[in-house]
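Colleague: Here's a sequence, model it:
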Amino acid sequence: MMELPAGLIEHTIRRGTIIHSYGFTDIDHGKFFVVVGFNGESLVGFFFINSAINRMIFGKQRLLDMQYPMKQADYPFLRYDSFLCATNIMTIEKSALATDIADGTASVVGEMQPVHLSELLSAARESDLFTDYEKATFLSD
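Modeller: Below you'll find the predicted structure:
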């Protein structure tokens with residue numbers, strides 16, 4: 001099988017792409033995440049998918065409101081019904097992510113369903129958890 005160069009892989013990463021990665025040095029297991037936007041050509045903004053809602057946010061309604069349910073029936077790569085935690089936009093260099101995909105540290109596992117992506121982005125654009133800069137950079141149309 002022919003391997004794609006990282007530069008070509010960069011062009012396949014788009015809003016709604018779901019990736020599984022072992023490349024996070026501060027996390028001791030593989031994580032799923034959804035790409036939500038870009039700051040031009042260099043940074044990818046994303047939200048993590050978690051198997052459960054973090055107990056630390058119980059009682060914090062504005063954070064609970066941004067736990068987007070993802071059903072295993074809709075996303076068969078998930079082992080359980082899960083939650084996309086849309087409380088903090090994480091970033092990674094697009095070139096680093098493409099390199100991780102090229103070397104097998106990360107892999108594209110699917111795409112967020114368009115209706116789900118639209119609901120998520122709409123909620124994030126309305127949320128006061130994100131700055132105007134984050135909304136304009138990563139969440140705009």
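Colleague: contacting residues for A86?
Modeller: For A86, the contacting residues are V36, F47, M66, Q67, Y68, L120, A123, A124, S127, L129, by Cβ atoms under 8 Å, 6 or more residues apart in numbering. For the C-beta atoms, the positions are set from N, CA and C on the backbone; glycine is no exception.
Colleague: Just give the closest residue to the first one, not the sequence neighbours.
Modeller: What that stands for is V36. G45 (5.3 Å; Cβ to Cβ, 6 or more residues apart in numbering).
Colleague: where does the one you found fall, phi/psi-wise?
Modeller: Per-residue torsions, G45: phi -100, psi 140 (degrees, to the nearest 10).
Colleague: Next one, pLDDT for it please.
Modeller: Confidence at G45, expressed as pLDDT, is 96.
Colleague: how much space between it and R125?
Modeller: 13 Å (Cβ to Cβ, to the nearest Å).
Colleague: Next: V36.
Modeller: Distance, V36 to R125, by Cβ to Cβ: 11 Å.
Colleague: And G16, by the same measure?
Modeller: Applying Cβ to Cβ to G16 and R125 gives a distance of 15 Å.
Colleague: ditto for L64
Modeller: 18 Å.
Colleague: List the contacts of the lengthiest helix in the chain.
Modeller: For the chain, the helix reaching the highest residue count under DSSP state H is reported as helix 114-126. For helix 114-126, the external contacting residues (Cβ under 8 Å, 6+ apart) are 15-16, 34, 36, 47, 65-66, 68, 70, 74, 84, 86, 112, 130, 135, 139.
Colleague: Weed out the non-buried ones from those.
Modeller: With burial judged by 16 or more other Cβ atoms under 10 Å, the buried subset of the contacts of helix 114-126 is 15-16, 34, 36, 47, 66, 68, 70, 84, 86, 112, 130, 135, 139.
Colleague: what's the closest of these to A98?
Modeller: R15 (15.7 Å; Cβ to Cβ).
Colleague: What are the boundaries of the helices in this protein?
Modeller: Using DSSP H, the helices of the chain run over residues 6-10, 61-64, 94-103, 114-126, 132-134.
Colleague: deepest of those helices, which one?
Modeller: Using mean count of other Cβ atoms under 10 Å, the stretch among the helices of the chain with the greatest mean number of neighbours is helix 94-103 (a mean of 19).
Colleague: All good on my end, thank you.
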